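Trainee: Okay, structure incoming, though there's no sequence with it:
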């Protein structure tokens, strides 16, 4: 009986399979994907990191939080400086109680007398000079008894006011300094929050990129396995036709091929989901195809300028350098300032005020031509709280409780940061061990499969041996790809660790990632620093800068 290798068809299938294994992909699948790949957008990991930060809503929110904290800091510091305000106003009097002073009480029945201006003449005799003086006085008093009030501002129809006001708090009992201290600490905490958001985004994009690359690799492995199973089925069918294989072997080869098809479908769905996740982080259209250019097997740390800008000492796992611990320290500092501001309400407040006005009363609406008069006042005020019904004591209790709470959160952050740092180092060590352990396994499994396939063609091996070799090759390729993905993500996490938020415990880096769609550990903020309300006013009755009342 002639062996299967003597048939030209079998030799053709063997050459085709060898070419497919050497190339590491399937000619049929390449032909099917070529039109899509030609339209896909080529994307490297470094490009993805740059694009993600520009389009991230999370980073934008953190940036606006920093802008708001800087605004609060400026508002709190304004209490150290004088407050100068300018005013301008126009008043139109429609009806006034001083209207009678304008016309007198009997102008409708008595004609108005016209009095000429009195001009003394020294050349006249004394008697005539006295007569002219008495006549002038009598005329003015009888013609308009209210003439003396007409130049006063009472009841004027048109009034213009132009003024400047000045106020300066001289002593506030520490309220201004406490509010400024708290606002500055909150601004520094917001800056750390922005850095943490940027670092977390880099880690998320890195994980999503390598998840998508891993999903691509697992899909290629599944398609190659399907192609191998299809080739085995063709060989078994040909051998069955010439009588060298039984019907059981043919049925088994067909079932093996058919069982691989759902795996390919699942891998393709996982690939689509992983790409959707990456596109969502980059704000790309979900229908746009991507071609990932960064190789999954490249274990060198990604060269990203953003990583160096965010972290001064990449890979520093000390607790004191962690962003959450530094934010907790700033929260303690802020609460100390608020406690000082609350205590300062018990002390007297001293302020100076000054106001300068220019007043004009024109006969018409236009201010031009009016004679303006000045009004300038200066005051020094002292305000002492005598009885507030327990409000100040309540503010102190709230501020003191917030300070104690912030100290406990700081201690909690230190403990969690220490555990998180060791967890990250453990994951990196496990990923490196997994990568080293998988080295050479793929080549050995591929060589074993070629030998098993040759033995099966020659009829000296069974289909079970060939199937086992194929499964081992698929597992070795998948394990190598997952090890590469885990190693890259672990390296980036260690590099960004000083700026990253403290993450929840996650599986070890060497653990299996289902369907290639693994994600990085979700990070939850340790705390949200409370901002207690401390009510207080200065001597002018205005709220102190940075102080809000209820």
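Mentor: That came through, no problem. Just so it is clear, the model here is predicted, and its values are computed rather than measured.

Trainee: which residues in the stretch 251-400 of the chain form strands?
Mentor: With DSSP state E, counting those that start in this stretch as the criterion, the stretch 251-400 of the chain has strands at 290-292, 349-360, 372-383.

Trainee: If you tally nearby residues, what's the number for the closest residue to residue 332 other than its chain neighbours?
Mentor: Spatial nearest neighbour of residue 332, chain neighbours left out: residue 406 (4.6 Å); criterion: CB to CB, 6 or more residues apart in numbering. C-betas here are computed from N, CA, C, even on glycine. By the measure other CB atoms under 10 Å, the count of residues near residue 406 is 22.

Trainee: do you know how far residue 406 is from residue 335?
Mentor: Separation of residue 406 from residue 335 (CB to CB, to the nearest Å): 5 Å.

Trainee: quick one: the residue nearest to residue 332 is in a helix?
Mentor: Yes - counting by DSSP: H, G, I helix; E, B strand; the rest coil, residue 406 is found in a helix.

Trainee: In this structure it contacts residue 328, no?
Mentor: Yes - counting by CB atoms under 8 Å, residue 328 is a contact partner of residue 406 at 7.2 Å.

Trainee: pLDDT below threshold where in the stretch 251-400 of the chain?
Mentor: Residue ranges of the stretch 251-400 of the chain with pLDDT under 70: 298-299, 302-303.

Trainee: for the chain, same thing?
Mentor: For the chain, the stretches with pLDDT under 70 are 1-38, 99-118, 139-155, 298-299, 302-303, 504-550.

Trainee: And the helices in it?
Mentor: 8-23, 27-39, 45-55, 57-77, 100-103, 126-143, 175-242, 247-282, 305-310, 323-344, 391-438, 441-458, 463-496 (DSSP state H).

Trainee: Ok, which of these comes nearest residue 370?
Mentor: helix 100-103 (17.3 Å; CB to CB).

Trainee: sorry, back to before: let's have the helices of the chain in JSON lines, adding distance to residue 162.
Mentor: Shown next, in JSON lines, are the helices of the chain (distance: least, CB to CB, whole Å):
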{"stretch": "helix 8-23", "distance to residue 162": "87"}
{"stretch": "helix 27-39", "distance to residue 162": "70"}
{"stretch": "helix 45-55", "distance to residue 162": "50"}
{"stretch": "helix 57-77", "distance to residue 162": "28"}
{"stretch": "helix 100-103", "distance to residue 162": "25"}
{"stretch": "helix 126-143", "distance to residue 162": "34"}
{"stretch": "helix 175-242", "distance to residue 162": "30"}
{"stretch": "helix 247-282", "distance to residue 162": "58"}
{"stretch": "helix 305-310", "distance to residue 162": "52"}
{"stretch": "helix 323-344", "distance to residue 162": "36"}
{"stretch": "helix 391-438", "distance to residue 162": "39"}
{"stretch": "helix 441-458", "distance to residue 162": "86"}
{"stretch": "helix 463-496", "distance to residue 162": "59"}
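
Trainee: Of all these, which one is nearest residue 354?
Mentor: Comparing those by their distance to residue 354 (CB to CB), the top pick is helix 175-242, with 19.8 Å.

Trainee: Out of the helices of the chain, which gets nearest to residue 377?
Mentor: Nearest of the helices of the chain to residue 377, taken as CB to CB: helix 175-242 at 24.8 Å.

Trainee: And for residue 503, the neighbour number?
Mentor: Counted with other CB under 10 Å, residue 503 comes out at 19.

Trainee: I'd say it and residue 420 touch.
Mentor: Yes - when contacts are counted by CB under 8 Å, residue 503 is listed as touching residue 420 (6.2 Å).

Trainee: what's stretch 370-377 in contact with?
Mentor: Here stretch 370-377 makes contact (CB atoms under 8 Å, 6 or more residues apart in numbering) with 160, 162, 354, 355, 356, 357, 358, 359, 360, 361, 362.

Trainee: Many thanks, I have nothing further to ask.
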